[in-house]
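> need a 3D model of the following:
(chains A and B)
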Number of protein chains: 2
Amino acid sequence: MAKQNPIRGKFIGVGTGPGDPELVTRRAWSMIEGVRVIAYPAPDHGTSFARSIVAEAIHPDAVEIAMVVPMRSGRAPAQSIYDEGAAAIIAQLNDGHDVVMLCEGDPLFYGSFMYVLARIQPDFEVEIIPGVTSVTACAAAVAHPLVARNDVMTILPGPLDDDVLVGHINAADGLAIMKIGRHMPRLKALFTRLGYAEKARYISHASLGHQTGMSLADAPDIAPYFSMILLYKGDDPWIN
Amino acid sequence: MAKQNPIRGKFIGVGTGPGDPELVTRRAWSMIEGVRVIAYPAPDHGTSFARSIVAEAIHPDAVEIAMVVPMRSGRAPAQSIYDEGAAAIIAQLNDGHDVVMLCEGDPLFYGSFMYVLARIQPDFEVEIIPGVTSVTACAAAVAHPLVARNDVMTILPGPLDDDVLVGHINAADGLAIMKIGRHMPRLKALFTRLGYAEKARYISHASLGHQTGMSLADAPDIAPYFSMILLYKGDDPWIN
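Next up, the predicted model:
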């Protein structure tokens, strides 16, 4: 019923891609340029990465809703953060303004956007503009294929237990390990034990000026949040 | 050694995204506009989907290298197709022309680009511009999250045997089944048997004008090549 009210604004989840402003889609860029209310997650200290990617597209008069989400703490942020952020967005939507929420990578692939979406989706028109994920950006950084033909691809968060990781690594052909950060020494030891440390690739800051890519065996023990391990262990002779 | 020769052209793999020309990245679009040699896979009959997405960006004087790849036959195309395509591209690179190869979705995520890449990469400078994949475009089409927090996401080609699919479906939180086509009746029966037919979503032609999205239980038995099944079976209360 609410969706038929022409006075209400639309809520638009926009993927900003992996970091390079040039890897934003044309639709995302023009959507950001066209709206006057922009929401985004921001860390407790410092600036919002999602916002920094598209800063040039944001109208100088835009109202900005910064949602402070302590994402790298290891603990799940309190749901009250999303309650408050969603309330601020809903107030703008009820005033008839379209609201873009910026999301690093893709809005529906990990990330905190979905908690805001769940609070707004029942009552408002929603559009999602998908973005380039860090997985394909990391593969591009080392110009190495992820999967081919009937290969199975699995994406694994690094904080998972070794036993869980090993089961999935054994079962898949292509693998991406995300959210590495402080888990790097354990992950490197695990890949070494499995015999994949040379074959696996480590990538940090994909698509940015300080991007790095190397064999996991050569990677430093200290990994930033924006880093990934990629492994192809399928049987396609053209990838190996 | 060859990479230092300034006369040789650069080979650029460009992801054209899921289908909507607006979902091409800004860098991909301007790269296509800027080069005068464009390669792409084309079906035996009809036009190249990758080319059609970015047709407006292709310079009218561009040389076009159409690589006829019978992709939907179920059989792997002969490697001689890639030999010939790569040879035509290499001739242009040796003449000092940059060559863009267009790839539906992302260049390194399934698809035939990697067979061309493998033949060119040893001797020429290469750049990959990642693209929006059909996986995130399908999630966007139904505005439903793929995975959150420490969820595991697995991407499965539909032609795989039921036993293999079941093992991965049981082990992952978020799933995408690609390359459905003629496997749709079997896949629908499998998801029904597992009790996921209502919960899983079926999407066809994501991002295009004739895009559809519905519960898998309501999906037709005849599925096009450009269709996908998405399932979230993790325990995040905000996605379910």
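> residue ranges with poor pLDDT in chain A?
A:1-6, A:71-77, A:240 (pLDDT under 70).
> just give me the residue right at the centre of it.
Using C-alpha atoms, centre = their mean, the residue of chain A that lies closest to the mean C-alpha position is A:G105, 3.8 Å off.
> which residue ranges of chain A form helices?
A:26-34, A:49-53, A:79-94, A:113-120, A:134-142, A:162-171, A:184-193 (DSSP state H).
> touching, the residue nearest to the centre of chain A and A:C138? I think so.
No. Contact criterion C-beta atoms under 8 Å: A:G105 and A:C138 do not qualify, at 11.0 Å. Bear in mind the C-beta positions are built from the backbone N, C-alpha and C, glycine included.
> anything in contact with each of the two?
Common neighbours of A:G105 and A:C138 (criterion: C-beta atoms under 8 Å, 6 or more residues apart in numbering or on different chains): A:P18.
> ok so, going back, residues near the closest residue in space to the residue nearest to the centre of chain A that isn't next to it in sequence, how many?
The spatially closest residue to A:G105, leaving aside those adjacent along the chain, is A:T133, at 4.7 Å (C-beta to C-beta, 6 or more residues apart in numbering or on different chains). Using other C-beta atoms under 10 Å in any protein chain shown, the number of residues around A:T133 comes to 29.
> quick check: phi and psi at A:T133.
With angles defined as degrees, to the nearest 10, A:T133 sits at phi -90, psi 160.
> contacts only, for it.
Neighbours of A:T133 in contact, by C-beta under 8 Å, 6+ apart: A:15, A:18, A:105-106, A:109, B:133, B:136.
> just curious, which of those residues is nearest to B:I65?
B:T133 (24.1 Å; C-beta to C-beta).
> thinking again about what came up before, residues touching the residue nearest to the centre of chain A, list them.
A:15-18, A:111, A:131-134.
> tell me which of those is nearest to chain B?
A:V132 (5.0 Å; C-beta to the nearest C-beta).
> now the strands for chain A?
For chain A, the strands defined by DSSP state E cover A:11-15, A:37-42, A:63-68, A:99-103, A:126-129, A:153-157, A:174-178, A:201-204, A:212-215, A:227-232.
> dump the ones you listed to TSV, plus mean neighbour count.
Below are the strands of chain A laid out as TSV (neighbours: other C-beta atoms under 10 Å in any protein chain shown):
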stretch	mean neighbour count
strand A:11-15	28
strand A:37-42	24
strand A:63-68	17
strand A:99-103	28
strand A:126-129	22
strand A:153-157	24
strand A:174-178	25
strand A:201-204	24
strand A:212-215	16
strand A:227-232	24
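> what's the closest of the contacts of A:G105 to B:L216?
Among those, and counting by C-beta to C-beta, the member closest to B:L216 is A:T133, at 23.9 Å.
> how about A:G181: what's its closest non-neighbour residue?
A:Y225 is the one closest to A:G181 (C-beta to C-beta, 6+ apart), at 5.0 Å.
> what's the distance between the one you found and chain B?
14 Å (C-beta to the nearest C-beta, to the nearest Å).
> surely that residue and A:M184 touch.
No. Using C-beta under 8 Å, A:Y225 makes no contact with A:M184, being 10.8 Å away.
> the two: which is more packed in?
A:M184 (21 against 14).
> quick one, what contacts that one?
So A:M184 contacts A:158, A:219-223, A:227 (C-beta under 8 Å, 6+ apart).
> burial of A:G111, as a residue count?
Neighbours around A:G111, by other C-beta under 10 Å: 22.
> picking that back up, now the buried members of the contacts of A:M184.
A:158, A:219, A:223, A:227 (16 or more other C-beta atoms under 10 Å in any protein chain shown).
> now the last one, nearest residue through space, not along the chain?
Among residues not flanking A:S227 along the chain, A:S204 sits closest, at 4.0 Å (C-beta to C-beta, 6+ apart).
> kindly report the same for the third one.
If you skip the residues right next to it in sequence, A:A223 has A:M184 as its closest partner in space, 3.9 Å away by C-beta to C-beta, 6+ apart.
> I'd like the distance between that neighbour and A:K233.
For A:M184, the distance to A:K233 (C-beta to C-beta, to the nearest Å) stands at 20 Å.
> got it, and A:Y115?
Separation of A:Y115 from A:K233 (C-beta to C-beta): 34 Å.
> of these two, which one has the most company?
A:Y115 (24 against 18).
> next, count neighbours for the closest residue to the more buried one other than its chain neighbours.
Nearest non-adjacent residue to A:Y115, counting by C-beta to C-beta, 6+ apart: A:Y82, 4.2 Å away. Using other C-beta under 10 Å, A:Y82 has 22 other residues around it.
> quick one: contacts for A:Y82?
A:67, A:112, A:115-116, A:119.
> likewise A:E198?
Contacts of A:E198 by C-beta under 8 Å, 6+ apart are A:215-217.
> how about A:I155?
A:135, A:175-176, A:178, B:147, B:152-154.
> and for A:A57, the neighbour number?
23.
> excluding its backbone neighbours, what's nearest it?
For A:A57, the spatially nearest residue (C-beta to C-beta, 6+ apart) is A:I32, at 4.2 Å.
> what's the neighbour count on that neighbour?
Neighbours around A:I32, by other C-beta under 10 Å: 25.
> touching, it and A:I38? I think so.
Yes. Shown here, A:I32 and A:I38 form a contact pair, counting by C-beta under 8 Å, at 6.9 Å.
> can you list residues touching both of those two?
A:58, A:100, A:102.
> picking that back up, now, of the helices of chain A, which is deepest in the fold?
Counting by mean count of other C-beta atoms under 10 Å in any protein chain shown, helix A:134-142 has the highest mean neighbour count of the helices of chain A, with a mean of 27.
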